[in-house]
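S.K.: Predicted model, plus sequence, below.
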Amino acid sequence: MFKNSSMKKYSNTKIVAALLLVLVSVRCSHDYPIDEDGLLITARTSCYVSNFDLLGTDFISVITSTTVIPATPTTPAVPSTRNVVIDTTAQTISVQVALGTDLKNLYPQFTLVTDAKLNPKITGKTDFSDLAPRKWTVISGNRKVRKEYTVTVTVQQ
Amino acid sequence: MNLKYIYQLSGFLLLLIFAVACGDDKYEVPTAKREFQDDCIKRSLGPNLVNYRLEFAYAMALPQDMGKIVSAQVEASIPGVVDPVIATNGTFLEHRAYSTDGGGNDKPVQVADPSSTDGSLTKVSFTRDTFAVTLRYYYKIPPEAKGQSVNFTFSATDSNGKTVSMKMGPYTVSSMDMVLDSIVTDNTDMYISISDMAIYTAAQAATIPDKIDLVYLYRALVQPPAPAPALTFKHALVSPAVDPTYLPGVTLPAGVNKNTKIIKVLSLRDQQLARLQYGIFIDDLDFKNLDTSTASNFAINLKNEAGGWIETADGQYRAYIYINAVNDASKNMKISMKRLKMF
């Protein structure tokens, strides 16, 4: 009886220890690397800005749009488009903002390719009042490709 | 520990859990206290502004066989404003009890004579045998209470001579001022004074140029030198010292030159200014914490339900102007304003 019970106890301990080992090994596995911001580092190498917007103090886009050109018998209608030109080869973004934009208080908004991140991070307002170009770097998903984009703002005249 | 004991123990614990979980206390209707009681809630929300009213609901009751309520009264620490003509526009205690009908309308039942207010004390004496009632109390905040706290003591007396009472407060009265529904019109009533909280014409503005903080104008489009296309301008609030681009065709009266700061906002629909369904209130603290360091001095293309944070050139006043309505055809805007004196 005594022997039997001690054996049971022994096997029990073994099972618990084995389970613990499995748990620890799973917890410590580093299959998914993360970067200094706690973001996942992936295999993606794409590195570009897919959309850009500038918001005013009222959080409404200040970017102007082109006027619609109606269709003629020979040409189709041209719809209104926003005045944002993103050149992913030259790594430039040009935007035109409306008359009356408060250039000191603009919130830039970038849309990036999957897994990419931006440096420096946008934490609030940016002052564009000197109309000088501003630079942001896009970093790819694998954190190995870096592309510096230049943002130029012009005011509607 | 022996494994057998572990099983026994866990089995016992499970049993215990079942026993506790299955306990079904029989519901009993609570028995009412055999005494005269009262209760009170504050019904109005938001900052307590001078000349606006606080609303309370004061409930009092005693068992029917124990007697009836004789009188109810409210004492405010600062006497409220009493309207001499229409009492229900000032400070008063309801002499009617309300119930709600199927259509959601208040149906009054008169239980007492209209209340009388003597200094800080507002009182009603019951004329109908009443053993349970809720009366509303309205307190119109007097100008002298600005920036101070106000307390209320609600009390009621029954036919046995017993009095119950309840203290409410303290409630801080806001230091803000508010003006609702002023109309600014392009070319006529277009000069806004924050210090006076008023709208002036050019002729009036010329006599008080130091008090003019903002200019309202409406231009559907502005035309820069050809061949550039015309640009949208619409309803605008600009400071007199703004770049002339934002004052097209406006000749300011002599001396009107203040550089007022303005931050354009949208959808900040303060409940007291907009009187819409949104439960947003701009309070004294919002003005105190406002960062105007990078504010501009113009806001154009303003729309309905938009607004602007304003700071006067000398920093003495901060205000929020809410746009209740815009009218492109008649070139005017209906605005409401909250203002705080900073020093």
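M.R.: That came in fine, so what should we check first? Residues are numbered from 1 along each chain as shown, chains lettered A, B, ... in the order given.

S.K.: which other residues reach stretch B:161-168?
M.R.: For stretch B:161-168, the surrounding residues in contact (C-beta atoms under 8 Å, 6 or more residues apart in numbering or on different chains) are B:35-40, B:42, B:56, B:58, B:60, B:151-157. C-beta: built from backbone N, CA, C; applies to glycine.

S.K.: Which ones among those map onto strands?
M.R.: Counted as lying in strands by DSSP state E, out of the contacts of stretch B:161-168, are B:37-40, B:42, B:56, B:58, B:60, B:151-157.

S.K.: pLDDT averaged over stretch B:143-163 - what is it?
M.R.: For stretch B:143-163, the mean per-residue pLDDT is 94.

S.K.: among the ones in strands among the contacts of stretch B:161-168, which ones are buried?
M.R.: B:D38, B:C40, B:F56, B:Y58, B:M60, B:F152, B:T153, B:F154, B:S155, B:A156, B:T157 (16 or more other C-beta atoms under 10 Å in any protein chain shown).

S.K.: Return the closest of those with respect to B:S71.
M.R.: B:T157 (5.1 Å; C-beta to C-beta).

S.K.: Please verify my assumption that the closest one contacts B:I69.
M.R.: Yes. Between B:T157 and B:I69 there is a contact at 7.5 Å, judged by C-beta atoms under 8 Å.

S.K.: Give me the contact status of stretch B:309-324 with chain A.
M.R.: No. Using C-beta under 8 Å from any C-beta of the partner chain, we find that stretch B:309-324 stays clear of chain A, coming within 8.8 Å at best.

S.K.: the helices in the chain, which residues?
M.R.: Just going to use chain A. Listed in chain order, the helices of chain A (DSSP state H) span A:2-28.

S.K.: The intended chain is chain B.
M.R.: Going by DSSP H, chain B shows helices at B:3-22, B:202-207, B:271-274, B:284-288.

S.K.: Spell out which parts of the stretch 201-343 of chain B neighbour chain A.
M.R.: B:222, B:224, B:228-229, B:231-233, B:236, B:245-246, B:263-267, B:294-296, B:298-301, B:306.

S.K.: Would you mind checking the residues you listed for buried ones?
M.R.: Looks like those have B:222, B:231, B:233, B:236, B:245-246, B:263-266, B:295-296, B:298-301, B:306 buried, using 16+ other C-beta under 10 Å.

S.K.: taking those one by one, which sit in strands?
M.R.: Per DSSP E, those map to strands at B:222, B:231, B:233, B:236, B:263-266, B:298-301, B:306.

S.K.: about what we covered before: what residues are shared contacts of B:T157 and B:I69?
M.R.: Joint contacts of B:T157 and B:I69 (C-beta under 8 Å, 6+ apart) do not exist.

S.K.: pLDDT-wise, which helix or strand of chain A ranks last?
M.R.: Ranking every helix and strand in chain A by mean pLDDT, DSSP states H and E puts helix A:2-28 at the bottom, with a mean of 61.

S.K.: does A:S65 have beta-bridge partners, and which?
M.R.: Counting by DSSP bridges, A:S65 is bridged to A:R82.

S.K.: which residues touch the strand ranked longest in chain A?
M.R.: Using DSSP E to define each element, chain A has its longest strand at strand A:146-155. With contacts defined as C-beta under 8 Å, 6+ apart, strand A:146-155 is touched by A:47-49, A:52, A:54, A:91-99, A:101, A:103, A:106, A:108, A:119, A:128, A:131, A:133-140.

S.K.: give me the beta-bridge partners of A:V97?
M.R.: A:I63, A:V155.

S.K.: still on that earlier bit, how distant is the longest strand of chain A from the center of its chain?
M.R.: From the chain centre to the centre of strand A:146-155 is a distance of 16 Å (C-alpha atoms, centre = their mean, to the nearest Å).

S.K.: now swap in stretch B:303-322 and tell me
M.R.: The answer for stretch B:303-322 is 18 Å, by C-alpha atoms, centre = their mean.

S.K.: separation between B:Y200 and B:S330?
M.R.: 19 Å (C-beta to C-beta, to the nearest Å).

S.K.: nope, B:G249 is what I meant
M.R.: Taken as C-beta to C-beta, the span from B:G249 to B:S330 is 18 Å.

S.K.: Of these two, give the one with the bigger neighbour count.
M.R.: Counting neighbours by other C-beta atoms under 10 Å in any protein chain shown for B:G249 and for B:S330 shows that B:S330 has the greater number, 11 against 8.
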